[in-house]
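Trainee: Dropping a prediction and its sequence here:
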Amino acid sequence: MRKSSSSVAIAATRAIVLPESRIPARCGNMGVPANPRAERVRQILSTRGLSLYQVSRLSAEIFGASSSSYIPHNLYSDLATSSAVPSMRQLLALSQITNYRITDWLSVFGFDLDALPALQLHISRDRTVVLDSTVYDTEAWIPWFREKSGTAPVPPIAPLGQVLARAAPVQAKKLLGIAGTKFLYAKVGREDSLAFPELVPGSIVRIDPRRSKEALSSGKDCSDKRIFLVEHESGFACSRLSSPGSGRVLLRSPQLAFSQLEFALEKELRILGVIDAEIRFLRDPHGISAQFDPRIPRTRPRLPPVDEEMSLKQLIRRSHSRSGLSFREASQISRFISDRLSDPLYFTAASTLSDFETLSTLPRHVQKIMTLCVLYSIPFWAFLHAGGVLLERAGRDPIPDELMLRDVPGVNRELPPPNEQKIPEPRTGGFLERLLARWQEIPAFLRNSLGELAGIPNFSVSDLFWVGGEADPIHPWLRNADLVAINRRVRKPVAAGESNPWGEPMYLLLGREGRYLCASCTLDDGFVVVHPYPDRPFSPRRFRNGTDAEIVGQVTAILRRLV
């Protein structure tokens, strides 16, 4: 009966909405806000016709007054007198009672879930990890673009700002709805070199899971260029594959000499999909290693079934094991997370990380949950699910924008106000429409990370160049590339040095005739020398620096497709 009456109570309170004009501005003692955060919480509750006393009473009826989900009636005073925030269970209770999204309630108390994918990207790892590509705040405003009117045919290489102009920002949910496809994304580890040099450590790769069931080449066929992301009990790897038959799979690397590794398909190894795109970062080309990863197990532990439910401690243990991090290393990374988010509670000692592997319930502090998700590359929703949270009971409605204080790019600047109805339609058959059709999905989770990963402060569209019109590019890494990021602050090529294709920095040059050239080059006695490659039929090209050609900047990232 209690459950039934509680459900009725929640439904009744959700139906009550006070007009904004009737929300009183208070200041005082008994349950009355005394600081901005408490006042904001009060305003949010009032949009549902709720007081804190009513919320506290409902939480006692639904969860029990002694439950970790119980919301105390003196919450406002707690918020006013300390930096304490509700526990994860209490925030989930607020979401259920108000029918507002848990992501929004977390944001109200200073927890930005979209920081999780960004932090995962900035951690350098030995092992390949599957990234959390979730866009948690689907109401967030994202900068958007339109094609410039009267644009002439796009040259083979051109500044992206020559083709596109800033438009009104759009909400993330509109961008996510452009395509029905859902890709996976992974970051290649330093020791995962089976696909080297087609893929390099530190790259972000996109995986098409629809192609996980494609037929493999025979065991003797080395002509198959597809690179797969595979999962084994110790983690993930990027590799070419072949099959000798009888349900066996071989990991192949044409560039590296090692004894071939053989797995039983679906029992010891699972194919997650074909890698179809890469974002390659070139900030440290000399740090690339071509060593075979010895950590892929010689023994063959069996994989659990895909649909097997894991408890929280099982999830943490398995994810920790796959990360390849010791507790001490993980604790050091948590210090980076703490510094990045300016909150000491994100730091987690090695002993505490060990204790977390015995958890049967969610940690009290949201900071600890977020730290574990970043360290071990665990999606936040998967962590809550393993902790016994029934996510279907959480709220579904977004908290109104005026109470969320969402940043809207371009407001009060040269841009028009946000269009809440639809994304500006790209011109039929135009450049933007073709680009979106080619890529199918916009990886919005990368939106706040690309500039830092590419080493370009204040990253914008002016730092991107279209290179997709080059049918026969000089540099092998530009085959099937669409965009490159250019650091205009680095305009002096290095002196002649290494001769291998991945050892020399790449630059964008602008010739006297107004055409761009993208290639690896060095500076030799006042001449910019563009170097040939073993498979490219041309001799070195020499340009007088500043006269025949001008260095626009250094290439720091490449967005390309694998076909």
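Mentor: Happy to help now that I have it.

Trainee: Just give the nearest non-adjacent residue to residue 194, would you?
Mentor: Closest residue to residue 194 apart from its sequence neighbours, by Cβ to Cβ, 6 or more residues apart in numbering: residue 239 at 3.9 Å. (C-beta placed from N, C-alpha, C; glycine too.)

Trainee: For that neighbour, list each beta-bridge partner.
Mentor: With DSSP bridges as the criterion, residue 239 is bridged to residue 228.

Trainee: ok, how many other residues are close to it?
Mentor: For residue 239, the count of nearby residues is 22 (other Cβ atoms under 10 Å).

Trainee: per-residue pLDDT, it?
Mentor: If you check residue 239, the pLDDT there is 91.

Trainee: Numbering from 628 from now on, please.
Mentor: Yes, from this point I'll number from 628; that puts the last item at residue 866.

Trainee: ok, it - contacts?
Mentor: 821, 822, 854, 855, 857, 878, 879, 880 (Cβ atoms under 8 Å, 6 or more residues apart in numbering).

Trainee: how close does the nearest residue to residue 937 once chain neighbours are set aside get to residue 943?
Mentor: Nearest residue to residue 937, sequence neighbours excluded (Cβ to Cβ, 6+ apart): residue 1013, at 5.7 Å. Between residue 1013 and residue 943 the computed distance is 8 Å (Cβ to Cβ, to the nearest Å).

Trainee: So for those two, which residue has more residues nearby?
Mentor: Remark: of residue 1013 and residue 943, residue 943 carries more neighbours, 23 against 20, as counted by other Cβ under 10 Å.

Trainee: doesn't residue 985 make contact with the more buried one?
Mentor: No - contact criterion Cβ atoms under 8 Å: residue 943 and residue 985 do not qualify, at 9.0 Å.

Trainee: wait, residue 865 sits on residue 853?
Mentor: No - the pair residue 865 / residue 853 is not scored as a contact, 11.0 Å apart, by Cβ under 8 Å.

Trainee: Show me where the stretch 1028-1177 of the chain has its strands.
Mentor: 1091-1093, 1108-1114, 1133-1138, 1143-1151, 1154-1157, 1168-1171, 1176-1188 (DSSP state E, counting those that start in this stretch).

Trainee: Could you export the ones you listed as a markdown table, including distance to residue 737 and mean neighbour count?
Mentor: Listed next are the strands of the stretch 1028-1177 of the chain as a markdown table, based on distance: least, Cβ to Cβ, whole Å; neighbours: other Cβ atoms under 10 Å:
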| stretch | distance to residue 737 | mean neighbour count |
| --- | --- | --- |
| strand 1091-1093 | 32 | 23 |
| strand 1108-1114 | 31 | 22 |
| strand 1133-1138 | 41 | 20 |
| strand 1143-1151 | 43 | 22 |
| strand 1154-1157 | 50 | 21 |
| strand 1168-1171 | 53 | 16 |
| strand 1176-1188 | 31 | 21 |
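
Trainee: Can you add mean pLDDT and distance to residue 673 and give those back as JSON lines?
Mentor: Formatted as JSON lines, the strands of the stretch 1028-1177 of the chain follow (pLDDT from 0 to 100; distance: least, Cβ to Cβ, whole Å):
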{"stretch": "strand 1091-1093", "mean pLDDT": "95", "distance to residue 673": "45"}
{"stretch": "strand 1108-1114", "mean pLDDT": "96", "distance to residue 673": "46"}
{"stretch": "strand 1133-1138", "mean pLDDT": "92", "distance to residue 673": "55"}
{"stretch": "strand 1143-1151", "mean pLDDT": "88", "distance to residue 673": "57"}
{"stretch": "strand 1154-1157", "mean pLDDT": "87", "distance to residue 673": "65"}
{"stretch": "strand 1168-1171", "mean pLDDT": "86", "distance to residue 673": "68"}
{"stretch": "strand 1176-1188", "mean pLDDT": "94", "distance to residue 673": "46"}
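
Trainee: for those, which one sits closest to residue 1122?
Mentor: Closest of these to residue 1122 is strand 1143-1151, at 5.9 Å (criterion: Cβ to Cβ).

Trainee: and that closest one, C-alpha only, in PDB?
Mentor: This file holds the C-alpha atoms of strand 1143-1151, laid out as PDB (Å, rounded to 0.1, in the frame of the first residue of the first chain):
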ATOM      1  CA  TYR A1143      47.600  25.400 -50.700                       C
ATOM      2  CA  LEU A1144      49.900  22.400 -50.300                       C
ATOM      3  CA  CYS A1145      49.900  20.100 -47.200                       C
ATOM      4  CA  ALA A1146      53.000  18.000 -46.700                       C
ATOM      5  CA  SER A1147      56.000  17.100 -44.500                       C
ATOM      6  CA  CYS A1148      58.800  19.600 -45.000                       C
ATOM      7  CA  THR A1149      62.000  20.900 -43.500                       C
ATOM      8  CA  LEU A1150      63.900  24.100 -43.700                       C
ATOM      9  CA  ASP A1151      67.300  24.000 -45.600                       C
END
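
Trainee: how long is stretch 682-697 from one end to the other?
Mentor: Stretch 682-697 has an end-to-end distance of 9 Å (Cα to Cα, to the nearest Å).

Trainee: what pLDDT, on average, does stretch 972-989 get?
Mentor: Per-residue scores along stretch 972-989 average to 94.

Trainee: And it, what's buried?
Mentor: 973, 974, 975, 980, 983, 984, 986, 989 (16 or more other Cβ atoms under 10 Å).

Trainee: likewise stretch 711-718?
Mentor: 712, 713, 714, 715, 716, 717, 718.

Trainee: any chance of those residues in TSV, plus pLDDT, distance to residue 1182 and secondary structure?
Mentor: Formatted as TSV, those follow (pLDDT from 0 to 100; distance: Cβ to Cβ, whole Å; DSSP: H, G, I helix; E, B strand; the rest coil):
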residue	pLDDT	distance to residue 1182	secondary structure
712	88	43	coil
713	92	47	coil
714	93	47	coil
715	94	43	helix
716	95	48	helix
717	95	49	helix
718	96	44	helix
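
Trainee: now these as TSV including distance to residue 1032?
Mentor: Compiled in TSV, those are given as follows (distance: Cβ to Cβ, whole Å):
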residue	distance to residue 1032
712	17
713	19
714	23
715	22
716	25
717	21
718	18
